[in-house]
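> sequence first, then the predicted structure, then my questions.
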Amino acid sequence: MDFKFTEEQKKRKTEYDGFFKALMKDAPPEFETGGMEASFGSDEGFEFFRDTQKKLGEMGWLTMAWPKEYGGLAATNVEQLLFNMSAEEHEAPGVEAIGVNIFAPGVIMFGSEEQKQRLLPPIARGEVVYCQGWSEPDAGSDLANLSTTAVREGDHYIVNGQKIWTTAGHRADCMYLLARTDPDSSRSKGLSAFHLDMNTPGIEVRPLYYMDKSHIFNEVFLKDVKIPVENRIGEEGQGWMVTYASMTTERSGFFLFTQCQKALNRVIDYVKKTKRNGGYLSKDPVIRQKIARIYTDLQGGKMLGYRIATIQDEKGIEALPMHLPSESKVFGTELQYELFSLATEIMGMYGAVEGVTHAPLKGMLEGFQFVPALTIAMGSNEVQRNIIAWTGLKQPRCKMTPLPAR
Ligand SMILES: Cc1cc2nc3c(=O)[nH]c(=O)nc-3n(C[C@H](O)[C@H](O)[C@H](O)COP(=O)(O)OP(=O)(O)OC[C@H]3O[C@@H](n4cnc5c(N)ncnc54)[C@H](O)[C@@H]3O)c2cc1C
């Protein structure tokens with residue numbers, strides 16, 4: 001495969017870069033450090049997120065690889081990847097990850113035509129923010145153990161239960177919910193997927209605070225919440241298949257490699273300009289070796305990302321082997337871990353103190369605190385390795401043992 005970008009693609013990337021460069025000049029101070037906290041941690045940050053999301057939606061950039069009838073531009077996934085790369089490089093908000101990358105693929109693959117017409121265009125126009133209501137206190141890696149119920153009563157389901165770690169649940173308009181529609185079922189059988197309007201009575205969102213009292217994660221309590229039957233995605237009991245399809249796209253994220261490249265560029269710049277013991281750090285053979293190794297691995301990771309986008313373009317999302325996104329997720333998160341560990345070795349602990357004048361690279365390493373969380377989010381790396389062993393290497397499947405009832 002030849003992964004070189006065409007002249008047209010390079011031109012498009014320059015256009016996105018120009019857009020984001022201009023946009024970020026007006027960004028509120030939260031965006032100096034970036035991350036999800038910038039978008040969802042304060043009202044000002046979220047307002048900027050919403051405005052940007054709408055602008056991107058108007059240009060059709062959020063969902064350019066979708067068919068035109070659902071609000072896309074019928075572009076390739078490689079072009080979408082280039083756009084997302086540019087947004088990430090500029091640490092720009094507005095690319096709504098859960099609606100576009102997790103919920104919508106489930107609707108595209110399993111939704112009815114009526115649902116596609118109704119639910120996809122608002123996502124494409126950048127009008128809605130979704131959160132993901134899957135994990136529960138006793139169902140994280142073992143998601144099939146979830147106990148939130150959705151019991152059918154006429155043309156509605158009545159939902160009761162609790163979700164946890166719901167990123168941006170306090171900002172979201174809608175939730176992508178997974179619940180048990182057959183209360184007598186166990187494990188993955190009897191689950192169904194839903195679109196839930198967060199303004200529905202009976203939903204209580206409670207914050208999970210960081211140490212400094214800011215927050216982006218939540219618990220969501222659902223008490224007798226009514227969901228119309230037409231908001232069930234796929235058949236009743238098909239929820240596991242629907243969410244599996246969504247997980248594949250969730251884990252394919254190229255953003256991990258873009259973030260890595262950006263941080264690596266800054267580290268390289270730092271060692272070129274910084275002297276220690278009379279010589280530039282960039283002349284130190286050990287530092288050179290370690291940086292070169294991370295750079296080499298990064299190229300491998302990017303190739304994996306291009307391969308995933310190319311398979312989707314050539315054969316469709318359904319044809320994407322399940323282990324490839326898992327490989328990308330494990331490789332990308334662990335590469336970030338290695339890079340930040342190396343950067344800490346080079347810069348010392350001040351490197352991780354954001355906002356302090358003598359901290360190297362303005363305390364860029366504070367971002368390191370989030371890297372371990374990424375090895376757990378989107379399904380932990382241990383669980384991804386089980387998937388790679390099972391579906392990629394054809395090893396026997398590792399079955400989860402259900403927790404005893406509390
Ligand atoms: C930053 C972040 C954002 C998140 N956002 C959301 C969100 O928006 N919506 C949502 O629904 N969830 C969200 N989550 C939850 C996330 O999906 C779960 O944390 C994750 O699936 C792990 O589940 P758990 O925390 O219950 O850990 P557990 O499942 O209790 O796992 C504990 C440890 O045991 C290991 N382990 C478990 N089972 C196995 C096994 N079979 N083989 C080997 N090792 C195993 C795990 O790898 C882990 O190290 C988020 C998590 C994080 C960290």
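Okay, I see it.

> can you name the residues that contact the residue located most distally from the centre of the chain?
For the chain, the C-alpha farthest from the mean C-alpha position belongs to Gly278; by Cα atoms, centre = their mean, that distance is 43.4 Å. By Cβ atoms under 8 Å, 6 or more residues apart in numbering, no residues touch Gly278. Using the backbone N, CA and C atoms, a C-beta is placed for each residue, glycine as well.

> can you pull the pLDDT of it?
Gly278 is assigned a pLDDT of 94 by the prediction.

> quick one: it from Asp284, how far?
Taking Cβ to Cβ, to the nearest Å as the measure, Gly278 falls 11 Å from Asp284.

> residues near Asp138, how many?
As a burial measure, Asp138 scores 16 neighbours (other Cβ atoms under 10 Å).

> isn't it right up against Ser147?
Yes. In this structure Asp138 lies within contact range of Ser147 using Cβ atoms under 8 Å: 6.9 Å.

> what does this structure put close to the ligand?
Contact residues, the chain versus the ligand (Cβ under 6 Å from any ligand atom): 131-135, 140-142, 165-167, 373, 376-377, 379-380, 382-383, 386, 398, 400.

> would you list every one of the strands in the stretch 251-400 of the chain?
275-276, 279-280 (DSSP state E, counting those that start in this stretch).

> now for the last one, which elements pack on it?
In this structure, strand 279-280 packs against helix 255-273, with contacts taken as 3 or more Cβ pairs under 8 Å, 6 or more residues apart in numbering; DSSP states H and E.

> please enumerate the strands of the stretch 101-250 of the chain.
Under DSSP E, counting those that start in this stretch, the stretch 101-250 of the chain gives strands at 130-133, 149-153, 156-164, 174-180, 191-197, 203-208, 217-228, 232-233.

> tabulate these (TSV), appending mean neighbour count and mean pLDDT.
Formatted as TSV, these follow (neighbours: other Cβ atoms under 10 Å; pLDDT from 0 to 100):
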stretch	mean neighbour count	mean pLDDT
strand 130-133	27	98
strand 149-153	17	97
strand 156-164	20	98
strand 174-180	26	98
strand 191-197	24	98
strand 203-208	15	98
strand 217-228	19	98
strand 232-233	26	98
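
> need these in a markdown table (columns: distance to Val356).
Compiled in a markdown table, these are given as follows (distance: least, Cβ to Cβ, whole Å):
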| stretch | distance to Val356 |
| --- | --- |
| strand 130-133 | 34 |
| strand 149-153 | 49 |
| strand 156-164 | 34 |
| strand 174-180 | 39 |
| strand 191-197 | 43 |
| strand 203-208 | 27 |
| strand 217-228 | 26 |
| strand 232-233 | 47 |
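
> could you redo the strands of the stretch 251-400 of the chain as CSV and give each row mean neighbour count?
Shown next, in CSV, are these (neighbours: other Cβ atoms under 10 Å):
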stretch, mean neighbour count
strand 275-276, 12
strand 279-280, 11
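
> those: which one's closest to Phe254?
Across the strands of the stretch 251-400 of the chain, Phe254 has its closest neighbour in strand 279-280 (32.3 Å, Cβ to Cβ).

> in its sheet, what does the closest one sit against?
strand 275-276 (antiparallel) (DSSP bridges).

> off-centre distance for the partner strand?
38 Å (Cα atoms, centre = their mean, to the nearest Å).

> same question, stretch 177-194
With Cα atoms, centre = their mean, you get 24 Å for stretch 177-194.

> got it, and stretch 71-83?
For stretch 71-83, the distance to the chain centre is 17 Å (Cα atoms, centre = their mean).

> understood, closing this out.
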